[in-house]
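Chemist: Structure for this input, please:
(one chain, ligands or ions: 2)
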Amino acid sequence: MSYPTKYDQSISEKEDFWRAEAQKINWFTFPETILSTDGDDLYRWYAGGKMNTSYLALDIHVEQGRGAQTALIYDSPVTGVKKQYTYIELLHEVSLFAGVLKAQGVEKGDRIVIYMPMVPEAVIGMLACARIGAVHSVVFGGFAAHELAIRINDARPKYILMASGGKEIDKIIPYKPIVDAAIKEAYFKPDGCIVLQRDFIPCNMQHDLDFDWETLVSKATPATFEIMDACDPLYILYTSGTTGAPKGIVRDNGGHAVALNSSMEYVYNADPGSVFWAASDIGWVVGHSYIVYGPLIRGCTTILFEGKPIRTPDAGTFWRVIEEYKVNTFFTAPTAIRAIKKEDFEGELFNKYDLSSLKYLFLAGERTDVATYEWASAMLKRPVIDHWWQTESGYPMLANLAGVGLIPVKPGSAGKPMFGFDIRILSPDHDFMPPNQEGAVVIKLPLPPGCLPGLWNDNERFVSSYLTEFPGYYFSGDGGYRDDDGYIYITGRMDDVINVAGHRLSTSEMEEIVASHYAVAECAVVGCHDEMKGQLPVGFVVLKHSYDQQSDQIALELVAKVRDTIGAVAAFKTVHFVERLPKTRSGKILRKIIRAIADDVPYQVPSTIEDMTVLDELKWVLKKTADN
Ligand code: COA
Ligand code: AMP
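Modeler: Ligands and ions are numbered 1, 2, ... in the order given. As a prediction, this is how the structure comes out:
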């Protein structure tokens, strides 16, 4: 069936479409109801269907004779370790660790926070939670203690699964002090931590609170899977919103499994047995969906890579992995390709490797700029596919569907809607925008299976954040337009969320931290363009008068304060001191104009501006900094 016909069916006969998709996975009880609403009038998919996500990712493949196939490849250039697990071996490890959790008193519905680097035990921990019906919440290792504490308070985990440390290129990151500080700060106290000791950074254990991972596993008996309802939560993944409080995106079991399986088929054209590599981190949604659940549910071999695109050891490392494991489908962020392009523009390293296994390169996390697209296409001589999605959706909403038949790529566009996503472009007055005119990118409700059914313990915020601004639609937070041929172009966030090297961060959260410094009178933090990382947060700060002479020292303190509170991943390194900030007469800071001036792009001055001369002052400060 052609894309337009199948897409139309997925919108006009959505229940039939998603019933057929659901039949592609193994249920213990097939759902009688495909789409329904719950007590809060929120949509639910497959309510009453019985299944288990860990069973779908592991047991079923063993039962169907794929047990000897490699399920997981661990490749860690930062430690020099490589390891592989067949489906039988991974099932064994997951069952054993599920037994550990059971023995520790973890029950269906309990939450488990996972704060771990890219090691197989992190994947085993996630799948073990899924097996016994515990809800995992993975926290990215680049976040500091305070961010971890916020998530502990919200998720209220029974245990934290952690490693003693990680390695960032050549820098060792001890995790234990971060977790200890987070538990100290949090008002909710977990029962304890299960600690994976890594030999390059062993940590001290606290009696009665810390449990050694390997010791527990050595005493464990394997645990079988719980029968889960399709609507039971599988995981919570926190993501940046427009305030300091991150949003706890909930993922259910049934819709998620169906949607990921469909995406593996339609978006990625990845057959069972093929090798799929998403070079992301399990702390992000890409890692959840396409390092762990998607490829394993589909019966692929997945790769867990503990390294960076460059300097581990060089810009050829991605190509080395593709050659070594005969990767068929590769997925990374444009920023990673830009980093490689910068170091190996002519492709000297690239040309050393045999990439004949590779069929596609998929890019997401930010818009693929045309220069990156062209360089990657010229090097790889294979389809380079930009696709758009969010933590909230869990899988691509826009793509060029490789499994249905690629359409011509239009550089700069993320393609056309994935099945089930009825995407519209609306004006602020809720009118449909004509082709080629920018507006808010929204999705007509109901969202298809796999998308967030809500926020953890906060349906009110779910409704106010996503469903209120455009009634009847989910508001993605992104702006964009559709061209005459139906291709959609995402132009960027319409809120205070920025994307730094593929990492989603909140500038208002940074602003709150900077504003709380004793010497700061007022401030704005905006996301400015950066050649390599796409965007970087930049602070514009007005000091209280008595601190005017101490700006160098205060800049260092502000950078350290953001790093200590959010984490190194915030990459907040630049502060400009200004006399005033541009504002409207009612006192609203004009952040869009600050950003436009910093990026040196055209902007429109609103008639409500308080004083035009402040814009010249701002330009002068930026010029002076650039000249220095
Ligand atoms: N644990 C601890 N610290 C971490 C971390 C982790 N898991 N991940 C990143 N950090 C730290 C880094 O060490 C760095 O610290 P520094 O300021 O002391 O140098 C800081 O956070 C910023 O890291 P990063 O964003 O990775 O920038 P970088 O300059 O080290 O590397 C890139 C630049 C482009 C190579 C890198 O950002 C990259 O590979 N990006 C792709 C991201 C991606 O795949 N995103 C997933 C979306 S699909
Ligand atoms: P995250 O939730 O971390 O995956 O970030 C989601 C946000 O990243 C989206 O709302 C977009 O702003 C941005 N994004 C992701 N993929 C793309 C893409 N292909 N093109 C443009 N923006 C993207």
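
Chemist: For the residue lying farthest from the centre of the chain, report the pLDDT, please.
Modeler: In the chain, the residue that sits farthest from the middle, by Cα atoms, centre = their mean, is S546; the gap is 42.2 Å. pLDDT recorded at S546 is 90.

Chemist: got the phi/psi numbers for it?
Modeler: Note on S546: its backbone torsions stand at phi -70, psi -10 [degrees, to the nearest 10].

Chemist: Name the residues of the longest helix that the chain contains that come out as buried.
Modeler: In terms of residue count, the longest helix belonging to the chain (DSSP state H) is helix 87-103. Buried residues in helix 87-103, counted by 16 or more other Cβ atoms under 10 Å: 87-102. C-betas here are computed from N, CA, C, even on glycine.

Chemist: same check, this time on stretch 169-177
Modeler: Using 16+ other Cβ under 10 Å as the test for burial, stretch 169-177 gives I173, Y175, K176.

Chemist: What of stretch 219-230?
Modeler: A220, P222, A223, F225, E226, M228, D229, A230.

Chemist: Redo those as CSV? Include secondary structure.
Modeler: CSV is the format used below for the buried residues of stretch 219-230 (DSSP: H, G, I helix; E, B strand; the rest coil):
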residue, secondary structure
A220, coil
P222, coil
A223, coil
F225, coil
E226, coil
M228, strand
D229, strand
A230, coil
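
Chemist: Could you work out the most separated pair of the buried residues of helix 87-103?
Modeler: Using Cβ to Cβ, the buried residues of helix 87-103 span at most 21.9 Å, a distance reached by Y87 and K102.

Chemist: Can you name the residues bridging to the closest residue to V138 other than its chain neighbours?
Modeler: Closest residue to V138 apart from its sequence neighbours, by Cβ to Cβ, 6 or more residues apart in numbering: I114 at 4.5 Å. Beta bridges link I114 to V138, L161, judged by DSSP bridges.

Chemist: OK, contacts around S357?
Modeler: V275, I322, E323, K326, V327, N328 (Cβ atoms under 8 Å, 6 or more residues apart in numbering).

Chemist: Filter those residues down to the buried ones.
Modeler: Counted by 16+ other Cβ under 10 Å, the contacts of S357 give V275, I322, E323, V327, N328 as buried.

Chemist: which of those sit farthest apart?
Modeler: Most distant of these, by Cβ to Cβ, are E323 and N328, 12.4 Å apart.

Chemist: Surely H207 is within a helix?
Modeler: No: if the criterion is three-state DSSP, then H207 is coil and not within a helix.

Chemist: What pLDDT does the model give it?
Modeler: Reading off the model, H207 has pLDDT 87.

Chemist: Please compute how far the helix or strand hosting V542 lies from its chain's middle.
Modeler: Using DSSP states H and E, V542 sits within strand 534-543. Relative to its parent chain, strand 534-543 has a centroid offset of 23 Å by Cα atoms, centre = their mean, to the nearest Å.

Chemist: for it, which positions count as buried?
Modeler: G534, Q535, L536, P537, V538, G539, F540, V541, L543.

Chemist: quick one, what contacts the fourth one?
Modeler: To tie it back to what came earlier, the one meant is P537. 498, 500, 505, 507, 510, 525-528, 562, 570-572, 574.

Chemist: Who wins on neighbours among those?
Modeler: In terms of neighbour count, V525 stands highest of the contacts of P537 at 31 neighbours, by other Cβ atoms under 10 Å.

Chemist: Verify the stated contact: that residue with L505.
Modeler: No: taking contacts as Cβ atoms under 8 Å, V525 lies outside contact range of L505: 9.9 Å.
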